[in-house]
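Colleague: Provided below for reference: sequence and predicted model.
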Amino acid sequence: MMHLDWWTIGLQTLNFAILVWLLHRFLYKPVLTVIEARKQEVQRQFDAAKAVEQKAAAELAAVEAARAGISAERDAALKAAAAQARDAAGTRRAQSERDAEALLDAARKTLASERERALEDAGRLALDLGTEFAQRLLVEIPLPLRAEAWIERIEQYLSALPPADRAELAHQLADGTALTIVSACPLPAATDEQWKERLCHALGASFSVKFEVEPALIAGVELHFPTAILRFSWQDAIAAARTELARHG
């Protein structure tokens, strides 16, 4: 039969209670405090890490947004630069075309001007050579024949005038004023009276005539009335040819 020693059991129970109190007082509570502190520190670090993560995510989003903005700005800048380059190239091309056209136009005008000057010079040279050649040929024709040709030309001109114009020319000589006949060279003496008769007949009036010489006429004659001059000289024909040449040039 087992015998229980309640006194011993009581002492052991008391010892166990004291041990539990000591463990709770000096071990469990500090451990719980350390665990709680560690837990709070871990939570704090976790919260800090989460804040850092959120901040990093926000910064990353900002960077991505900035990168997208930079990309958009770059694309816009590239497009603007390309458009500006195209416009500049078009402007330069248009200006080059205008400059080329201006140069061509200037060259055409210069060539046309030089051509006109060359034609004028050639025309003047041809006229001078023709005049010189005609003068040489004229010397070979006897003076009486030349004088006859001139008076015939004058008669043809006067006969072709309207009657009123012929009457007006004759009226200018009605007061005794002489008709002056200017020739390039002295006419044969035998033609003086003959010319007077033929001119009086052509004008239907009687008047006096006087003769003068002007070598500048080159060939032919001029009839000097008081208020009119009838020109039948080479000088007048050459001057008219030069005027016509200059006008068309």
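Modeller: Received the coordinates, thanks.

Colleague: please, which helix or strand holds the residue nearest to the spatial centre of the chain?
Modeller: The centroid of the chain falls nearest to A102 when counting by Cα atoms, centre = their mean (4.9 Å). Taking DSSP states H and E as the definition, one finds A102 inside helix 29-140.

Colleague: starting at the chain centroid, how far to that helix?
Modeller: 24 Å (Cα atoms, centre = their mean, to the nearest Å).

Colleague: stretch 166-176 now?
Modeller: 62 Å.

Colleague: alpha carbons of that stretch, as PDB, please.
Modeller: The C-alpha coordinates for stretch 166-176 follow below in PDB (Å, rounded to 0.1, in the frame of the first residue of the first chain):
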ATOM      1  CA  ARG A 166       1.400 121.800-155.900                       C
ATOM      2  CA  ALA A 167      -0.500 125.100-155.900                       C
ATOM      3  CA  GLU A 168       0.800 125.800-152.300                       C
ATOM      4  CA  LEU A 169       4.400 125.200-153.400                       C
ATOM      5  CA  ALA A 170       4.000 127.500-156.400                       C
ATOM      6  CA  HIS A 171       2.300 130.100-154.200                       C
ATOM      7  CA  GLN A 172       5.400 130.300-152.000                       C
ATOM      8  CA  LEU A 173       7.300 131.500-155.100                       C
ATOM      9  CA  ALA A 174       4.700 134.000-156.300                       C
ATOM     10  CA  ASP A 175       6.300 137.100-154.700                       C
ATOM     11  CA  GLY A 176       9.500 136.600-156.700                       C
END
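
Colleague: state the distance from the residue nearest to the centre of the chain to A94.
Modeller: Using Cβ to Cβ, to the nearest Å, A102 is found at 12 Å from A94. Backbone N, C-alpha and C define where each C-beta goes, glycine included.

Colleague: tell me how far G10 lies from W21.
Modeller: G10 is 16 Å from W21, by Cβ to Cβ.

Colleague: and what of K196?
Modeller: 182 Å.

Colleague: surely A205 is within a helix?
Modeller: No - checked against DSSP: H, G, I helix; E, B strand; the rest coil, A205 lies outside a helix; its state is coil.

Colleague: residue contacts, it?
Modeller: Shown in contact with A205 (Cβ atoms under 8 Å, 6 or more residues apart in numbering): A170, L173, A174.

Colleague: the residue nearest to the second one when sequence neighbours are not counted: what's it in contact with?
Modeller: Once its chain neighbours are removed from consideration, L173 has its nearest residue in F207; the separation is 3.8 Å (Cβ to Cβ, 6 or more residues apart in numbering). The neighbourhood of F207, defined by Cβ under 8 Å, 6+ apart, consists of A170, L173, A174, G176, T177, A178, L179, C200.

Colleague: ok, and the most crowded of the residues you listed?
Modeller: L179 (24 neighbours; other Cβ atoms under 10 Å).
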